[in-house]
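Visitor: What would the 3D arrangement of this be:
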Amino acid sequence: MPTPADAIGYAKRFVGNVPVDDTAIKLRILNDAAAKLWLAAPWRWSIATVTPVALVNDQQDYVIGSFPGTFMYWYAAQMNDVNNIYNLNISATLHAHTKKGRPERLAVQGSGFRLHPVPTGYTTLPYVFLWYKKLMTAITAGNVAAELLATHGLPDEWFYVYQEIVLLKAYLFDQDPRAGMAQYANGQVQYTGQYAVAEAAIQEMKNQENLIYDSLGIPITMGGK
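Guide: The predicted model follows:
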């Protein structure tokens with residue numbers, strides 16, 4: 001099964017004697033490529049959930065007892081008040097506030113989250129269902145030869161996408177013109193060379209992968225929008 005070491009070996013064949021497989025630069029290239037792919041979309045293996053949280057009337061902040069150690073940021077949130085399901089918009093941060101009503105926004109707060117407005121007046125308390133983006137597992141000397149499926153959850157079928165990004169990073173390290181360029185024109189980014197190959201592969205992966213769905217089959221989107 002394919003590993004990060006296989007990807008750097010692939011790139012090495014293109015750049016020849018350039019030391020992209022040097023101990024230090026190899027890990028930088030592999031991690032930069034992995035991060036670019038990890039953050040490119042809400043891949044199903046990069047999103048996880050926590051146990052639904054019951055809200056409390058007139059309480060704005062909530063602590064999650066088993067707060068995940070792999071937490072990066074809240075990806076999406078839904079509130080279920082028995083009769084309805086509401087998507088909550090994700091904010092970077094929220095001030096403490098006394099405004100009360102049906103919650104519309106949610107932000108990370110310590111080992112949990114903060115709501116706005118503050119929930120109040122519920123006879124049957126609603127629950128908040130949460131999805132979060134996980135932290136990427138770093139590629140190290142200890143796992144560089146481990147399968148990406150095991151370390152990052154990346155299906156073998158999508159290894160070629162990661163491999164194309166590694167090749168791009170290798171070209172950039174070598175200042176090879178085959179890397180191409182990324183530039184803004186008319187409000188859009190245009191790519192050439194290996195940049196274009198890598199971005200096209202990522203887009204193909206996005207097109208083929210399923211959206212994130214909740215337990216009722218409702219699509220989950222960034223920020224609850």
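Visitor: Specify the local secondary structure of the spatially closest residue to residue 82 that is not a sequence neighbour.
Guide: Spatial nearest neighbour of residue 82, excluding adjacent residues (CB to CB, 6 or more residues apart in numbering): residue 124 at 5.4 Å. In short, each C-beta sits where N, CA and C put it, glycine included. Assigned with DSSP: H, G, I helix; E, B strand; the rest coil, residue 124 falls in the coil class.
Visitor: Pull the number of nearby residues for residue 124.
Guide: 7 (other CB atoms under 10 Å).
Visitor: Could you do residue 29 as well?
Guide: 26.
Visitor: Work out for me the element it sits within.
Guide: Using DSSP states H and E, residue 29 maps to helix 23-38.
Visitor: What count of nearby residues applies to residue 163?
Guide: For residue 163, using other CB under 10 Å, the count is 22.
Visitor: I'd say the residue nearest to residue 82 and residue 81 touch.
Guide: Yes. Using CB atoms under 8 Å, residue 124 is in contact with residue 81, at 7.4 Å.
Visitor: Dump the helix or strand hosting residue 86 to CSV, restricted to CA.
Guide: Using DSSP H and E, residue 86 falls within strand 85-90. What follows is strand 85-90 as a C-alpha-only set of coordinates in CSV (Å, rounded to 0.1, in the frame of the first residue of the first chain):
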residue,chain,number,x,y,z
ILE,A,85,-33.3,21.1,13.1
TYR,A,86,-31.4,24.4,12.7
ASN,A,87,-28.0,24.9,11.2
LEU,A,88,-25.9,27.1,13.5
ASN,A,89,-23.4,29.5,11.9
ILE,A,90,-19.8,29.0,13.0
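Visitor: Can you name the element that comes right after that strand?
Guide: strand 105-108.
Visitor: Check which helices and strands that following strand sits against.
Guide: On a contact count with 3 or more CB pairs under 8 Å, 6 or more residues apart in numbering; DSSP states H and E, strand 105-108 meets strand 71-80, strand 85-90, strand 112-116.
Visitor: Any idea how far apart the tips of stretch 112-122 sit?
Guide: 21 Å (CA to CA, to the nearest Å).
Visitor: what residues does that stretch touch?
Guide: The set of residues external to stretch 112-122 that reach it, using CB atoms under 8 Å, 6 or more residues apart in numbering, is 53, 55-64, 67, 74, 77, 81, 88, 91, 94-108, 126, 128, 130.
Visitor: Look up how far residue 92 lies from the most centrally placed residue in the chain.
Guide: Closest residue to the average C-alpha location of the chain: residue 39 at 4.3 Å, with CA atoms, centre = their mean. Going from residue 39 to residue 92 by CB to CB, to the nearest Å gives 16 Å.
Visitor: cool, and residue 58?
Guide: Distance from residue 58 to residue 92, by CB to CB: 24 Å.
Visitor: Who has more neighbours out of the two?
Guide: residue 58 (12 against 8).
Visitor: Could you verify my assumption that the more buried one touches residue 100?
Guide: Yes. Counting by CB under 8 Å, residue 58 sits close enough to residue 100 to count as a contact (7.0 Å).
Visitor: for residue 189, helix, strand, or coil?
Guide: strand.
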